[in-house]
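S.K.: output the structure for:
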Amino acid sequence: MKAKAILILLVWALICLTSCAVPLKNYKPANPEESSIISTLITFEEAFNKVDSKAILSIMTDNARIMYGREKKMATKDEYAKILPERFKEVGPISHSNPKIKINGDIATVSTSLESSRGSLPILYKLKKLGDKWLILATEY
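M.R.: Numbering: from 1, shown residues only. Take a look at the predicted model:
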C-alpha cells in the first residue's frame, strides 16, 4: 500500500514537472538567434500589456499578416494598427509560455501558448530576420 502511494506521488510529480508552463522570460535559449527571437516576443507581450501600439508595430515587418478574432481574420500591418485599440480591450493582458523555436535561414517559427482573459490558445509566430533583428512576419492559430 505504501509503495503504491509513493508510486502515485512520483507519477503525479513527473506529470507536473513536464507539463508546467515555462513563461517566455524563463525560456533558456539554445543560441543567440533564439535569444533575439524570444526578445522580440517578450517585446510584443510587454507592449500589448502596456497598450503600446507603436511598440508592437515596430517589431513587425512592413508586409506582416496577423490573424485575429474568433473568425480567424487576417490583417495587414496597417489594418492591424487600426484595430489594435479594440484588440487591447477585447483580449486584455496576455502571456506566452512553452515556446518551441525552429530556425531556417532568415525565417523562424515559434509555436507557443498564448494565455489571456479568454483562455489559452496555441499560436504560431513566423519571424523574419532583417539585419540583426527578428521581426514578426505573420501569426496564425
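S.K.: which ones are touching residue 55?
M.R.: Residues counted as contacts of residue 55 (Cβ atoms under 8 Å, 6 or more residues apart in numbering) are 43, 46-47. In this view, the C-beta of every residue, glycine as well, is placed from N, C-alpha and C.
S.K.: cutoff 7 Å now
M.R.: Contact analysis of residue 55 by Cβ atoms under 7 Å, 6 or more residues apart in numbering lists 43, 47.
S.K.: can you list the strands that the longest strand belonging to the chain pairs with?
M.R.: Secondary structure of the chain per DSSP state E: the longest strand is strand 119-130. Strand 119-130 sits in its sheet next to strand 107-116 (antiparallel), strand 133-140 (antiparallel), going by DSSP bridges.
S.K.: most tightly packed of those?
M.R.: strand 133-140 (a mean of 19; mean count of other Cβ atoms under 10 Å).
S.K.: now that one: average pLDDT?
M.R.: Taken as a whole, strand 133-140 has a mean pLDDT of 98.
S.K.: how far away from the center of its chain is it?
M.R.: Chain-centre distance of strand 133-140: 10 Å, with Cα atoms, centre = their mean, to the nearest Å.
S.K.: from here on, count from 7
M.R.: Okay, residue one is now 7; in that scheme the one you just asked about reads as strand 139-146.
S.K.: what residues does it touch?
M.R.: Outside strand 139-146, the residues that reach it (Cβ under 7 Å, 6+ apart) are 42-43, 46, 50, 65-67, 70-73, 114, 129-134.
S.K.: cool, stretch 96-106 as well?
M.R.: With Cβ under 7 Å, 6+ apart as the test, stretch 96-106 has contacts from 27-30, 33, 44, 47, 51, 54-55, 116-124.
S.K.: how does it look with 6 Å?
M.R.: With contact meaning Cβ atoms under 6 Å, 6 or more residues apart in numbering, stretch 96-106 is reached by 27-30, 33, 51, 54-55, 116-123.
S.K.: can I get it in CSV, CA atoms only?
M.R.: Extracted in CSV, the C-alpha atoms of stretch 96-106 (Å, rounded to 0.1, in the frame of the first residue of the first chain):
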residue,chain,number,x,y,z
GLU,A,96,-11.2,42.5,-26.0
VAL,A,97,-8.2,40.4,-25.1
GLY,A,98,-6.8,42.0,-22.0
PRO,A,99,-3.3,41.2,-20.7
ILE,A,100,-1.5,38.3,-22.4
SER,A,101,1.3,36.0,-21.6
HIS,A,102,3.1,33.3,-23.7
SER,A,103,4.5,30.0,-22.5
ASN,A,104,6.3,26.9,-23.7
PRO,A,105,7.9,28.3,-26.8
LYS,A,106,9.2,25.9,-29.4
